[in-house]
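1. predicted model, plus sequence, below.
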Amino acid sequence: MFEKWFHLKEHKTDVKTEILAGVTTFLAMAYILAVNPNILSACGMDRGGVLIATALASFVGTVLMAMLANYPFVLAPGMGLNAYFAFTVCLTMGYSWQFALAAVYVEGVLFLLLSLLNIREAIFNAIPLALKSAVGVGIGLFIAFIALQNAHIIVDSPATLITIQGFNVNNIHTHGVCAILTMIGTLITAALMQRNVRGSILIGILATWILGMIAQATKLYQVNPELGCFSLYPNFSFDTFAETFKGFRSVCGALFKSSSWTQKDSALTGFSLLGSMNFFTIMFAFLFVDLFDTLGTLIGVATKADMLDEKGRLPKIKGALLADSIATAVGAIFGTSTTTTFVESATGVAEGGRTGLTAWTAAILFLLAICLSPLFLAIPAFATAPALIVVGFYMMTTIVRIDFNNLYDAIPAYITIIAMPFAYSISDGISFGVISWTILNLFSKNRSKVSWLMIVLTILFILKYALL
């Protein structure tokens with residue numbers, strides 16, 4: 001059955017490898033089940049309802065990815081987009097969460113049309129090979145940087161913006177021990193991978209978590225919710241699940257009810273939303289970031305997995321883009337911000353995942369997470385950080401595909417690489433890379449290789465920074 005659906009032999013993989021890869025990917029991104037409700041609840045949404053919506057949107061989107069494209073990519077509500085949803089659209093601009101969900105829904109519908117018309121595929125194919133390789137490297141640095149922050153190895157600094165964690169009596173039992181455990185977990189994972197141990201990334205996550213529980217039992221790690229240090233033991237209390245499903249129903253029911261909107265947006269109901277310039281601006285911001293975050297993730301992970309053909313194209317990309325766009329619209333109806341392909345999919349690829357069976361495994365775990373959320377939510381960020389650090393290393397290896405003797409390609413590739421971690425954005429990294437590549441090559445002897453689509457993208461990127 002699995003061979004018929006996923007063509008495992010053709011992709012030189014097996015059931016065990018695919019399932020292990022799916023479990024690894026899920027564990028690496030299970031934090032979204034805790035983080036997304038915390039962020040969206042800031043604008044008045046029910047935390048329980050958002051958790052259910054997050055799990056269901058992830059399940060639907062990932063299943064679609066498996067069935068439409070047979071790729072090992074996993075989808076979930078995207079980080080960054082959820083912060084824009086809550087803190088910018090709702091709390092800063094003053095619109096209700098129902099208004100923001102409507103913008104996300106329309107974005108998803110537009111994405112579906114763009115995918116059916118092959119516009120998103122054309123954009124993917126128009127990006128030069130040098131930039132595609134650079135995107136993979138930039139994502140590697142980006143996710144490693146995120147991991148270092150999640151583990152509190154890198155912390156804020158008023159003098160230098162960021163700095164290394166200070167290990168002293170004030171934090172050694174909280175953030176200090178988290179940083180130490182992450183470093184130990186990274187070395188464990190690296191040692192296992194060096195010995196070609198199957199499931200080394202998953203083992204590294206579980207080993208780091210177990211070491212954390214031992215540290216908590218011996219008082220080396222101390223629970224301090226104010227500092228974000230929570231108990232590492234699962235709390236199997238399901239007393240709040242009745243309210244959770246109640247919240248989920250209210251999220252679905254209130255999506256287009258003007259009575260629950262703020263005074264600022266109460267007049268904008270139904271199709272009249274489309275006549276609002278503010279609504280268009282917000283919807284376009286969601287669409288722009290989601291478009292290039294998704295393309296960046298597909299490029300980076302597919303490049304590392306050697307899924308691109310000799311022309312740098314991704315077979316079956318249309319199915320992947322359709323899955324992403326449908327998941328965004330469905331996720332909005334469930335009650336969550338934009339659903340997108342997650343960069344943590346690279347952890348499953350690093351474990352050998354090559355087909356939709358990896359995605360199916362992760363999707364089922366997201367569905368189970370609705371009932372087993374206490375177990376999954378107990379896995380701390382510092383336990384998944386070693387996986388992201390190691391995967392960041394693997395993503396970096398695509399840098400050898402860049403011809404550094406050709407400065408017209410190499411300099412934009414370099415800009416793409418450094419922009420992603422420094423700007424804290426995959427889409428901004430792609431924007432800077434495309435702008436610099438187009439301008440440099442238009443003034444070179446090889447200006448004929450600059451396609452009209454790259455010129456259009458460059459103009460749109462410049463307008464985006466000038467107007468939004």
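-> Nice, I can see it. Keep in mind the model is a prediction, meaning the values are calculated, not measured. Residues are numbered from 1 along each chain as shown.

2. alpha carbons only for contacts and neighbour counts from here, please
-> Will do.

3. distance of A385 from N150?
-> Separation of A385 from N150 (CA to CA, to the nearest Å): 7 Å.

4. tell me where the stretch 101-250 of the chain has helices.
-> Taking DSSP state H, counting those that start in this stretch as the test, the helices found in the stretch 101-250 of the chain are 119-126, 129-150, 177-194, 200-217, 241-253.

5. one step back: between A385 and N150, who's got more neighbours?
-> Shown here are A385 and N150; by other CA atoms under 10 Å, A385 has more neighbours (31 against 21).

6. which residues touch the more buried one?
-> A144, A147, L148, N150, A151, T182, T186 (CA atoms under 8 Å, 6 or more residues apart in numbering).

7. quick one: secondary structure of it?
-> helix (DSSP: H, G, I helix; E, B strand; the rest coil).

8. would you mind measuring from it to S436?
-> A385 is 32 Å from S436, by CA to CA.

9. hey, where'd the helices end up in the stretch 351-468 of the chain?
-> 356-377, 381-396, 407-423, 426-442, 452-467.

10. adding distance to I205 and mean pLDDT, write the ones you listed out as JSON lines.
-> Shown next, in JSON lines, are the helices of the stretch 351-468 of the chain (distance: least, CA to CA, whole Å; pLDDT from 0 to 100):
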{"stretch": "helix 356-377", "distance to I205": "12", "mean pLDDT": "87"}
{"stretch": "helix 381-396", "distance to I205": "5", "mean pLDDT": "85"}
{"stretch": "helix 407-423", "distance to I205": "23", "mean pLDDT": "94"}
{"stretch": "helix 426-442", "distance to I205": "25", "mean pLDDT": "91"}
{"stretch": "helix 452-467", "distance to I205": "38", "mean pLDDT": "89"}
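
11. of those, which approaches G78 most closely?
-> helix 426-442 (11.7 Å; CA to CA).

12. the inter-axis angle of the closest one versus helix 129-150?
-> 150 degrees (axes from the mean of the first three to the mean of the last three CA atoms, to 10 degrees).

13. not counting its own residues, what contacts helix 426-442?
-> With CA under 8 Å, 6+ apart, helix 426-442 has contacts from 127, 131, 135, 138-139, 142, 289, 292-293, 296, 408-409, 411-413, 415-420, 423, 447-450, 454-455, 457-458, 461-462.

14. mind running it again at 7 Å?
-> 131, 139, 289, 292-293, 296, 408-409, 412-413, 415-417, 419-420, 447, 450, 454-455, 458, 461 (CA atoms under 7 Å, 6 or more residues apart in numbering).

15. now swap in stretch 12-26 and tell me
-> Under CA under 7 Å, 6+ apart, the answer for stretch 12-26 is 8, 199, 201-202, 344-345, 347-349, 351-353, 357-359, 361-362.

16. what is the rounded mean pLDDT of stretch 234-244?
-> For stretch 234-244, mean pLDDT rounds to 54.

17. no no, stretch 5-17
-> Stretch 5-17 comes out at a mean pLDDT of 88.

18. in it, which residues are buried?
-> F6, H7, L8, D14, V15, T17 (16 or more other CA atoms under 10 Å).

19. which of those residues fall in helices?
-> F6, V15, T17 (DSSP state H).

20. how much space between the closest residue to A76 other than its chain neighbours and A362?
-> Spatial nearest neighbour of A76, chain neighbours left out: S58 (4.4 Å); criterion: CA to CA, 6 or more residues apart in numbering. Counting by CA to CA, the separation of S58 from A362 is 9 Å.

21. just A34 next, same as before
-> In terms of CA to CA, A34 sits 17 Å off from A362.

22. which one's more surrounded, the two?
-> The neighbour count for A34 versus A362, taken as other CA under 10 Å, is higher for A362 (33 against 17).

23. in this protein, which helix or strand is least confident?
-> helix 241-253 (a mean of 44; mean pLDDT, DSSP states H and E).

24. now the angle from the helix or strand following that one to helix 381-396?
-> Next in sequence after helix 241-253, counting helices and strands by DSSP states H and E, comes helix 277-304. Comparing the axes of helix 277-304 and helix 381-396 via the same axes, to 10 degrees yields an angle of 70 degrees.

25. A305 contacts V349, correct?
-> Yes: in this structure A305 lies within contact range of V349 using CA atoms under 7 Å: 6.4 Å.

26. quick one, which of these two is more surrounded?
-> Set A305 next to V349 and count neighbours by other CA under 10 Å: V349 wins out with 25 against 17.

27. so that one is in which element?
-> Here V349 is assigned to helix 345-350, by DSSP H and E.

28. against which helices or strands is that helix packed?
-> helix 15-29, helix 381-396 (3 or more CA pairs under 7 Å, 6 or more residues apart in numbering; DSSP states H and E).

29. now for these, which one comes closest to P158?
-> Using CA to CA, these put helix 381-396 closest to P158, at 23.5 Å.

30. biggest separation within the contacts of A385, which pair?
-> Between any two of these (CA to CA), the greatest distance is 13.6 Å, for N150 and T186.

31. and for the residue nearest to A53 when sequence neighbours are not counted, the neighbour number?
-> Spatial nearest neighbour of A53, chain neighbours left out: F334 (5.1 Å); criterion: CA to CA, 6+ apart. For F334, the neighbour count with other CA under 10 Å is 25.

32. got a pLDDT number for F334?
-> For F334, the predicted pLDDT is 90.

33. quick one: it and I52 touch, right?
-> No: with contact defined as CA under 7 Å, F334 does not reach I52; the gap is 8.2 Å.

34. could you find the closest non-adjacent residue to K311?
-> Nearest to K311 is L129, by CA to CA, 6+ apart, at 7.8 Å.

35. count of neighbours near that neighbour?
-> Neighbour number of L129 under other CA under 10 Å is 20.

36. again with F366
-> Using other CA under 10 Å, F366 has 28 neighbouring residues.

37. how does this protein divide into domains?
-> 2-399, 400-467 (automatic domain parsing).
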